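1. Have a look at this prediction, sequence included:
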Amino acid sequence: MQDLNPQQKEALNHTEGPLLVLAGAGSGKTRVIAHKFFHLVKTKKLHPDSLFTVTFTNKAADEMKGRISALLQKDINSCLIGTFHSQCNRILRKEIKVLDYGYDFSIYDDDDQYNLVRHILKEFKIYEALYKGITSRISFLKSSLIGPEEFLSSGDGFGFDEKLAKVYVRYQDELKRCNALDFDDLIMLTVKLFENNPGLLEKYQNMYPYILVDEFQDTNYAQYSLLKLLASAHRKICVVGDDDQSIYKFRGANVSNILNFENDFPGAKLVRLEQNYRSTQNILTVSGAVISRNSERKYKSLWTERGWGEKVYYCWFDIYGEEAKFVAKVIKELYLKGRFNYRDFAIFYRVNLQSKAIEDALREEGLPYRVFGNVSFYQRKEIKNTIAYMRLSLNHGDNVSFRRIINCPPRGIGASTLSKIEHEAKKKSVSLFDAMKVTIRADSLASLVKDKLTEFAKLIEGFSSAKYKSAAEMLKAVFEKSGYAETLDEERAKNVAELISFGEGKDIKDFIDKVSLLTTMDEIKRGDYVSLMTLHSAKGLEFPGVFIIGVEEGVLPHFKALGSTDEIDEERRLFYVGMTRAKDILWITGASKRRLYSKLQNQEPSRFLKDIPRNCCQLVEKVSHHPTIKITHIKVKVDSFRLYATGCRVKHPTWGVGVVRDCFGDGDDLKVIVNFPNIGVKRLAVKFANLQKM
DNA sequence: AAAACTCCTCTTTTT
DNA sequence: GAGGAGTTTT
């Protein structure tokens, strides 16, 4: 308790009512939640199991468990700390009967969703390439708690939405038939469960007399509704978040939940954590200037006791290859100077394909690196197929898994056989697996095909009835007996072997749940290498040295985001998240020419650079063909930087010292709006005002 | 069922 | 420009 600052203490001590903690980047957010948990257990005598604690990632949940275990000095691994999805899964596995699903429901990930939607589009003869857009619309509807019937009846019955409604209705029916839930269902159905069953809701409200929520800015409407339901009786809820770090709006996250919190929970206390423990003042000032240009944000101003530190480096190149080489060289030089290890560096970019040039350059310099966030382990085909065998064995209704593996490995069951089975399933309204067994008894198939199908049915039923001691045992049996093992090359077989080793000693159902809800167990781990990742994956991490590359119009902000202010705001937050990961050194780079997909494009510096206060930056000139890095002050594109950034202090001959609120125009027309204490806000033309920068 | 071919897409992606 | 998926060919 004594290592907490006054605001953190305030957040801790407010335990009897709703609390919103606005926690700036690097302000010790996780620490506050962990200490709060500890405080509630120690002084309020709450049982650790009665704190409903939600995070967004499994990694964050594990971290939190670790911290709390350390504080409490006992293992709390069994506690209710988890992601929204795992919390809901836990509830639904106990209660879903009420909603007329079976307890052994499968959980479908994006890939399974896509497969199912595509299947439906094919059937409806809707252009199949639309599957991605349609899936995301459906997902968005679900995360807004708009069910298929409601959407169908709300529509005007025309145009694309009508088709969408049809697909949505069908999709939801199909899931039900498969006894499967997608990620959004986990939340939506839990809300539905509570809304329709007040008794059940009351039970869970009593079970969880306190609720703690991390990364609150990332909650979607459905998740927020769930929190409101659970907290409505006792109102003991503490949410922690940072609206400036909301970068998942495109996934349904709704920042306005932060803005609504105080309305939905009248009398809620608001605490701001503004002391930053991570970055130097230069980094905070630069990132603060960029984020302050966003409208509709809760005001926050971060400060640190760390001092100004090194200036933020900015460097512009002719071509992206040169940018990459330069970054590699800088890292090497910093490393050789002995102040940093490779693990201290991260390179962030907007899109995954940007990693390639950097990888080449790092390899060239002989620097160790690791790229994070590409195809995750659990999305690999061989892994998904192996798991599909397990899923179908546990849930014969799982049609998506059935389609996945019926001819994998190839066992001579082609499209025509499958379509007969599909037809039968539809006619009898049964699962594909059951339809297959019916079809075997009918005369419509060649005996060779019948044999194959019988063999397949026996195989799956064998898996279903066997008593395996662990997930590993079952995986092993599935992998070998299905004949799938023989069809894989060494690399892929190795991946499955790894999967099997993960399943060692684990309960089968727990394992499947875990695997379904944990698509990136291939987490960001720290080793002694340079870390490469997208700005999105950078959230929640910190590095002594950060490089943000490709800070150009069209890349950051991304060209697809240029259409709306909302989206550009989100790009700005993304940039902000990237910058605030840096502890000591921050480099921002870009290039005039960049290959994106097939063509070499001309690039302009990002608009966000204009908001960067120049006095916090060090401009670096890269002289081509120069063997070592030469750092010099040069005059590059003055209009790329603002002389008077928001927040910087100026001295006026008559009014004294003031703080710059805004700055616009250029050259002789440059105007600033300055707030002078005790005097007021003045609008000044720089040319005449005789301002002195402080 | 494999090989050869064409076509398409290509932002980010906690679960 | 590359990788994936679907289609046609053998």
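-> Now that the structure is in, tell me what you want to look at. Residues are numbered from 1 along each chain as shown, chains lettered A, B, ... in the order given.

2. Residue A:287 and residue A:580 touch, don't they?
-> Yes: using Cβ atoms under 8 Å, residue A:287 is in contact with residue A:580, at 5.1 Å. Backbone N, C-alpha and C define where each C-beta goes, glycine included.

3. how about the strands of the stretch 251-400 of chain A, start to end?
-> In the stretch 251-400 of chain A, the segments counted as strands under DSSP state E, counting those that start in this stretch are A:269-273, A:312-319, A:345-349, A:369-371.

4. follow-up on the earlier one: between residue A:287 and residue A:580, which has more neighbouring residues?
-> Using other Cβ atoms under 10 Å as the criterion, residue A:287 and residue A:580 rank with residue A:580 on top: 30 against 27.

5. which bits of the stretch 51-200 of chain A sit near DNA strand C?
-> residue A:118 (Cβ under 7 Å from any atom of the strand).

6. roughly how far apart are the closest residue to DNA strand C within chain A and residue A:361?
-> Taking Cβ to the nearest atom of the strand as the measure, chain A has residue A:598 as its residue closest to DNA strand C, at 3.5 Å. Per Cβ to Cβ, to the nearest Å, residue A:598 is found 21 Å from residue A:361.

7. More neighbours: which of these two?
-> Just comparing residue A:598 and residue A:361: by other Cβ under 10 Å the higher neighbour count belongs to residue A:361, 22 against 5.

8. OK, contacts around that one?
-> Contacts for residue A:361 (Cβ atoms under 8 Å, 6 or more residues apart in numbering) come out as A:321, A:324-325, A:327-328.

9. Now tabulate those residues in CSV and tack on neighbour count, distance to DNA strand C and pLDDT.
-> Listed next are those as CSV, based on neighbours: other Cβ atoms under 10 Å; distance: Cβ to the nearest atom of the strand, whole Å; pLDDT from 0 to 100:
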residue, neighbour count, distance to DNA strand C, pLDDT
A:321, 16, 13, 91
A:324, 26, 16, 93
A:325, 20, 19, 92
A:327, 24, 22, 93
A:328, 24, 21, 93
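
10. The residues you listed in helices, which ones?
-> Of those, the ones assigned to helices by DSSP state H are A:321, A:324-325, A:327-328.

11. For the helix or strand where residue A:449 lies, list every residue counted as buried.
-> In this structure, residue A:449 is located in helix A:447-465 according to DSSP states H and E. Residues of helix A:447-465 classed as buried by neighbour count (16 or more other Cβ atoms under 10 Å): A:449-450, A:452-453, A:456-457, A:459-460, A:463.

12. Specify which member of these is nearest to residue A:31.
-> Distance to residue A:31 across the buried residues of helix A:447-465 (Cβ to Cβ) is lowest for residue A:463, with 46.1 Å.

13. got the residues of chain A near DNA strand C?
-> For chain A, the residues in contact with DNA strand C (Cβ under 7 Å from any atom of the strand) are A:118, A:595, A:597-598.

14. between the strands of the stretch 251-400 of chain A, which one is nearest to DNA strand B?
-> Of all those, strand A:345-349 comes closest under Cβ to the nearest atom of the strand, at 8.6 Å.

15. re the thing from before, among the ones in helices among the contacts of residue A:361, which one sits closest to DNA strand B?
-> residue A:324 (16.9 Å).

16. wait, isn't the closest one in contact with residue A:358?
-> Yes: counting by Cβ under 8 Å, residue A:358 is a contact partner of residue A:324 at 4.8 Å.

17. Show me whatever sits in contact with both of those two.
-> When contacts are counted by Cβ under 8 Å, 6+ apart, residue A:324 and residue A:358 are jointly contacted by residue A:549.

18. list residues touching both of residue A:287 and residue A:580?
-> In terms of Cβ under 8 Å, 6+ apart, residue A:287 and residue A:580 are both contacted by the residues A:25, A:279.

19. near DNA strand B, which residues of the stretch 501-650 of chain A show up?
-> A:517-520, A:533-534, A:536-537, A:558, A:560-561, A:597-598.

20. Which residue does the stretch 351-500 of chain A have closest to DNA strand B?
-> Nearest residue of the stretch 351-500 of chain A to DNA strand B, counting by Cβ to the nearest atom of the strand: residue A:410, 2.8 Å away.

21. re earlier: how about the ones in helices among the contacts of residue A:361 in TSV, adding distance to residue A:486?
-> Converted to TSV, these look like this (distance: Cβ to Cβ, whole Å):
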residue	distance to residue A:486
A:321	43
A:324	42
A:325	45
A:327	45
A:328	43
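
22. do you know how far the residue of the stretch 351-500 of chain A closest to DNA strand B is from residue A:391?
-> 20 Å.

23. More neighbours: those two, which one.
-> More crowded of residue A:410 and residue A:391, by other Cβ under 10 Å: residue A:391, with 27 against 9.

24. Let me see the confidence value for the more buried one.
-> Residue A:391 carries a pLDDT value of 91.

25. Report the contact partners of it.
-> A:106, A:398, A:401, A:512.

26. Following element in sequence after the least confident helix or strand in chain A by mean pLDDT, please.
-> Using mean pLDDT, DSSP states H and E, the weakest-scoring helix or strand in chain A turns out to be strand A:656-664, at a mean of 69. Sequence-wise, the next helix or strand downstream of strand A:656-664 (DSSP H and E) is strand A:671-676.

27. avg pLDDT for that following strand?
-> So the average pLDDT for strand A:671-676 ends up being 74.

28. Stretch A:364-376 now?
-> For stretch A:364-376, the per-residue pLDDT averages 83.

29. Now that stretch: buried residues?
-> A:367, A:369-373.

30. tell me how far the strand ranked longest in chain A is from the chain's mean position?
-> When chain A is parsed with DSSP state E, its longest strand is strand A:582-596. Centroid separation for strand A:582-596 versus its chain: 22 Å, with Cα atoms, centre = their mean, to the nearest Å.

31. So residue A:218 sits against residue A:252, correct?
-> No: Residue A:218 is beyond contact range of residue A:252, at 9.3 Å (criterion: Cβ under 8 Å).

32. Look at those two and report which has more neighbours.
-> The neighbour count for residue A:218 versus residue A:252, taken as other Cβ under 10 Å, is higher for residue A:218 (26 against 21).

33. The more buried one: what's it in contact with?
-> Counting by Cβ under 8 Å, 6+ apart, residue A:218 has contacts A:56, A:241, A:246, A:248, A:253.

34. Can you name the residues of the stretch 1-150 of chain A sitting close to DNA strand B?
-> For the stretch 1-150 of chain A, the residues in contact with DNA strand B (Cβ under 7 Å from any atom of the strand) are A:56-59, A:83, A:85-86, A:109-110, A:129, A:132.

35. what is the mean pLDDT for stretch A:408-422?
-> 81.

36. How about stretch A:301-315?
-> Rounded mean pLDDT across stretch A:301-315 is 90.

37. So for it, first residue to last residue, what's the gap.
-> The straight-line separation of the ends of stretch A:301-315 (Cα to Cα, to the nearest Å) is 27 Å.

38. what does stretch A:574-590 give?
-> Stretch A:574-590 has an end-to-end distance of 16 Å (criterion: Cα to Cα).

39. Then stretch A:331-348?
-> End-to-end distance of stretch A:331-348 (Cα to Cα): 14 Å.

40. Is DNA strand B within reach of it?
-> No: Stretch A:331-348 stays clear of DNA strand B (Cβ under 7 Å from any atom of the strand), getting no nearer than 10.2 Å.

41. ok so, going back, right, is the helix holding residue A:449 up against DNA strand B?
-> No: Helix A:447-465 lies apart from DNA strand B when judged by Cβ under 7 Å from any atom of the strand; the minimum separation is 9.1 Å.
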